[in-house]
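Colleague: Sequence first, then the predicted structure:
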Amino acid sequence: MAETREPPPLSEEENIKSEEEDDDLFASAHVEVKAEEPKGEKVTAEIEPQNLLDEGDDIDLNFAEGAKQANADKVDETSKANLFEPEKVGDAANIDAQPLVNDQPKAAPRSSAFATATKNKAQQLSDEIEEESSENITINISVSHPQKVGDGMGAYMTYKIVTKTNIPEFKKELFSVNRRFSDFLGLHSKLEEKHAHLGRIVPPAPEKSVIGMTKVKMSKEDDGTLAHDEFVEKRRASLERYLNRTASHAVLRLDSDFREFLQLDADLPKATNTSALSGAGMKRLFNRVGISVNKMTYKMDESDEWFEEKQQQLENLDDQLRKLHTSVEALVHHRKQLSLHTASFAKSAAMVGNAEEHTSLSRALSQLAEVEEKVERLHEKQADADFFVLAELLKDYINLIAAVKEVFHQRVKVFQNWEAAQQTLTKKRETEAKMHLAGKTEKLDQAKADIAEWEANVQKGQHEFEEISQTIRKEVDCFEKQRVIDFKSSIIKYLDSLIDDQQQLIQYWEAFLPEARAIA
């Protein structure tokens, strides 16, 4: 008779061992998949018909291998988990059967997140290389020699543009061309049309001044006198700043239109769309009105804290810069008034000195008049520093902030397009479901084709939104760094100018003091 065998005891040690094995099963899932290469290939072969990786996708080999490995890991973990929880097998299958495109914009699926992470690393590496190469790149642009061409209302101003650079994309290291003001406006229109909708900040061109240019056109002054005209000098300085700001942008300075503007030693095609009264000008006006209405009527539900914070910072900065600009303009006006009154005082002192019979007093008054004339020139110089160093810097950044706001609005427009594509896709799916219920099978093929088309549009919209968001982050970061550099250099330059003027003023009065004490 067979010997009776007792079942093994259920000790606590075996229970603990069983729990440890359960934990190790999930912890070592990734290792087991790598060791069992044939099993990974089998899983991959089963997933491929789901069209997670279409043949037309522009995906490199590294991403494809990473996606296959990630899918293998996921399926292997799910299958092992189902050994202990068989009731969840149906739920896992339902998860895999969900469509890749959801009805509302949300986070990308795992494969998309993997691709985004890979792309972000590549973009970060590219940015680091670009920053290193930018340190060795120099480009300096000067605008000078304003000349009036023609007479009457048909006259216009040309400016000599001299460029010195070591950028290999340019044909020479030193070259010069002559350009008129409308050429600058035409260049800005081209750059804005090509780059603004991609999220790049295009520096705004100087504003037109109908009154100032009309005075220049109707004046009979020669080029030498016009070069010192206040309006002409302000425009020349603003054009020079505009070109250098554009040249400081890593992408814009390599644009074909920008390089042609600086290099082509011939007249550019006349920009006909820069006039305010032209058809293109009226179109721009209506577009601005439409954009303003869209900004007021549509409010994007911002989910990114970075963009929400930056928009608030830009609004506050814009408001404070405008107030400061108003104060500096008032300071410029008062300094010019002080200069005029100082000149009037110098003339009056000279006349009193001529009428005075006392010799030493007459001589002192004449010396005082000469000192006041020098002081008048110092006040005028300080007024110019207030304007060109401070006021124009503030005005430029007020306009630049407007350009930054514009790229933020471009991002909102891209989101609107993505959202509209999502809504259309939802309607297409609802239409297909109704056809199934109604038994209209003859139109199902067309409905499926429409759904596939709008799924592609949704993916395209998501890709464009992610691209413009990433570009704006980079652009704003460069904008903030350059803003600090510009303000620092301008403030130092402004203070140096004030110190030099005050030291010169002290020297004038110290030289006059012995003459005043000699009055007897």
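Modeller: Structure's in. What do you need? Numbering: from 1, shown residues only.

Colleague: mind checking the end-to-end distance for stretch 431-445?
Modeller: 12 Å (Cα to Cα, to the nearest Å).

Colleague: All the strands of the protein, in order from the start?
Modeller: Using DSSP state E, the strands of the chain run over 139-149, 156-165, 174-180.

Colleague: Tell me which of the ones you listed sits most buried.
Modeller: strand 156-165 (a mean of 18; mean count of other Cβ atoms under 10 Å). Just so you know, the C-beta spots here come from the backbone N, C-alpha and C atoms, and that holds for glycine as well.

Colleague: re earlier: kindly state which of the strands of the chain is positioned closest to Val407.
Modeller: strand 139-149 (23.2 Å; Cβ to Cβ).

Colleague: Tell me how many other residues surround the nearest residue to Ile401 once chain neighbours are set aside.
Modeller: Closest residue to Ile401 apart from its sequence neighbours, by Cβ to Cβ, 6 or more residues apart in numbering: Asp318 at 4.8 Å. Asp318 sits with 17 neighbouring residues when counted by other Cβ atoms under 10 Å.

Colleague: how near is Asp318 to Lys381?
Modeller: 30 Å (Cβ to Cβ, to the nearest Å).

Colleague: Let me see the contact set for Ile401.
Modeller: 314, 317-318, 321 (Cβ atoms under 8 Å, 6 or more residues apart in numbering).

Colleague: Dump those residues to a markdown table, plus pLDDT and distance to Glu442.
Modeller: Shown next, in a markdown table, are those (pLDDT from 0 to 100; distance: Cβ to Cβ, whole Å):
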| residue | pLDDT | distance to Glu442 |
| --- | --- | --- |
| Leu314 | 95 | 55 |
| Leu317 | 96 | 61 |
| Asp318 | 96 | 59 |
| Leu321 | 97 | 64 |
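
Colleague: Go through those and say which is closest to Leu390.
Modeller: Leu321 (11.2 Å).

Colleague: what's the neighbour count on the closest one?
Modeller: For Leu321, using other Cβ under 10 Å, the count is 17.

Colleague: Tell me the pLDDT of His30.
Modeller: With respect to pLDDT, His30 has a value of 43.

Colleague: no, scratch that, I was asking about His358
Modeller: In this model, His358 carries a pLDDT of 90.

Colleague: Okay, now the unreliable bits of the protein?
Modeller: The model of the chain has pLDDT under 70 over residues 1-135, 221-228, 272-297.

Colleague: Recalculate using a threshold of 80.
Modeller: 1-135, 217-229, 270-300, 520 (pLDDT under 80).

Colleague: elements contacting the longest helix seen in the chain?
Modeller: In the chain, with assignment by DSSP state H, the single longest helix is helix 444-517. Applying 3 or more Cβ pairs under 8 Å, 6 or more residues apart in numbering; DSSP states H and E, one finds that helix 444-517 makes contact with helix 110-135, helix 305-355, helix 359-385, helix 392-438.

Colleague: Output these in JSON lines; the columns should cover distance to Pro206.
Modeller: Output for these, formatted as JSON lines (distance: least, Cβ to Cβ, whole Å):
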{"stretch": "helix 110-135", "distance to Pro206": "26"}
{"stretch": "helix 305-355", "distance to Pro206": "16"}
{"stretch": "helix 359-385", "distance to Pro206": "18"}
{"stretch": "helix 392-438", "distance to Pro206": "9"}
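
Colleague: Asp265: which of those helices is closest?
Modeller: helix 110-135 (27.4 Å).

Colleague: residues touching the closest residue to Lys215 other than its chain neighbours, list them.
Modeller: Using Cβ to Cβ, 6+ apart and skipping the chain neighbours, the partner closest in space to Lys215 is Phe231 (6.9 Å). Residues near Phe231 by Cβ under 8 Å, 6+ apart: 209, 212-213, 215-216.

Colleague: closest to Leu505 among those?
Modeller: Gly212 (32.1 Å).

Colleague: so who does that closest one touch?
Modeller: Contacts of Gly212 (Cβ under 8 Å, 6+ apart): 231, 235.

Colleague: And it, how far from Met157?
Modeller: 11 Å.

Colleague: Would you mind listing the residues touching both of the two?
Modeller: Arg235.

Colleague: ok, Lys249 touching Arg200?
Modeller: Careful, residue 249 is His; it's not Lys. Yes: the criterion here is Cβ atoms under 8 Å, and His249 meets it with Arg200 at 7.5 Å.

Colleague: who touches both of the two?
Modeller: By Cβ under 8 Å, 6+ apart, no residue touches both His249 and Arg200.

Colleague: Counting only helices, which of the contacts of Phe231 make the cut?
Modeller: 212-213, 215-216.

Colleague: sorry, back to before: tell me which of the strands of the chain sits nearest to Val352.
Modeller: When the strands of the chain are ranked by proximity to Val352 (Cβ to Cβ), strand 139-149 comes first, at 41.7 Å.

Colleague: Note down every partner strand of the closest one and its orientation.
Modeller: strand 156-165 (antiparallel) (DSSP bridges).

Colleague: tilt between the partner strand and strand 174-180?
Modeller: Calculated by axes from the mean of the first three to the mean of the last three Cα atoms, to 10 degrees, strand 156-165 forms an angle of 160 degrees with strand 174-180.

Colleague: Export only the CA atoms of strand 156-165, formatted as PDB.
Modeller: C-alpha atoms of strand 156-165 as PDB (Å, rounded to 0.1, in the frame of the first residue of the first chain):
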ATOM      1  CA  TYR A 156      12.900 110.700 -50.900                       C
ATOM      2  CA  MET A 157      15.900 110.000 -48.600                       C
ATOM      3  CA  THR A 158      18.500 107.400 -49.100                       C
ATOM      4  CA  TYR A 159      20.900 106.100 -46.500                       C
ATOM      5  CA  LYS A 160      24.300 104.400 -46.800                       C
ATOM      6  CA  ILE A 161      24.500 101.000 -45.000                       C
ATOM      7  CA  VAL A 162      27.900  99.700 -44.200                       C
ATOM      8  CA  THR A 163      28.100  96.100 -42.900                       C
ATOM      9  CA  LYS A 164      31.100  94.400 -41.300                       C
ATOM     10  CA  THR A 165      30.800  90.700 -40.400                       C
END
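
Colleague: ok, and what's touching that strand?
Modeller: Residues contacting strand 156-165 (Cβ under 8 Å, 6+ apart): 137-150, 170, 173-182, 213, 216-217, 226, 232, 235-236, 239, 243, 262-263.

Colleague: hmm, try it at 7 Å
Modeller: For strand 156-165, the surrounding residues in contact (Cβ atoms under 7 Å, 6 or more residues apart in numbering) are 138-150, 173-181, 216, 232, 236, 239, 262.

Colleague: Next, count neighbours for the nearest residue to Gln367 once chain neighbours are set aside.
Modeller: Excluding the flanking residues, the one nearest Gln367 by Cβ to Cβ, 6+ apart is Glu515, at 4.7 Å. When neighbours are counted by other Cβ under 10 Å, Glu515 registers 16.

Colleague: Select, out of the helices and strands packed on helix 444-517, the one closest to Lys194.
Modeller: helix 392-438 (12.7 Å).

Colleague: Return the angle between stretch directions for the closest one and helix 444-517.
Modeller: 170 degrees.

Colleague: now the angle from helix 392-438 to helix 305-355?
Modeller: Computed by the same axes, to 10 degrees, the angle between helix 392-438 and helix 305-355 is 160 degrees.

Colleague: So which of the helices and strands packed on helix 444-517 is nearest Ala520?
Modeller: Using Cβ to Cβ, the helices and strands packed on helix 444-517 put helix 359-385 closest to Ala520, at 5.5 Å.

Colleague: which secondary structure elements does that closest one contact?
Modeller: The contact analysis (3 or more Cβ pairs under 7 Å, 6 or more residues apart in numbering; DSSP states H and E) places helix 359-385 against helix 305-355, helix 444-517.
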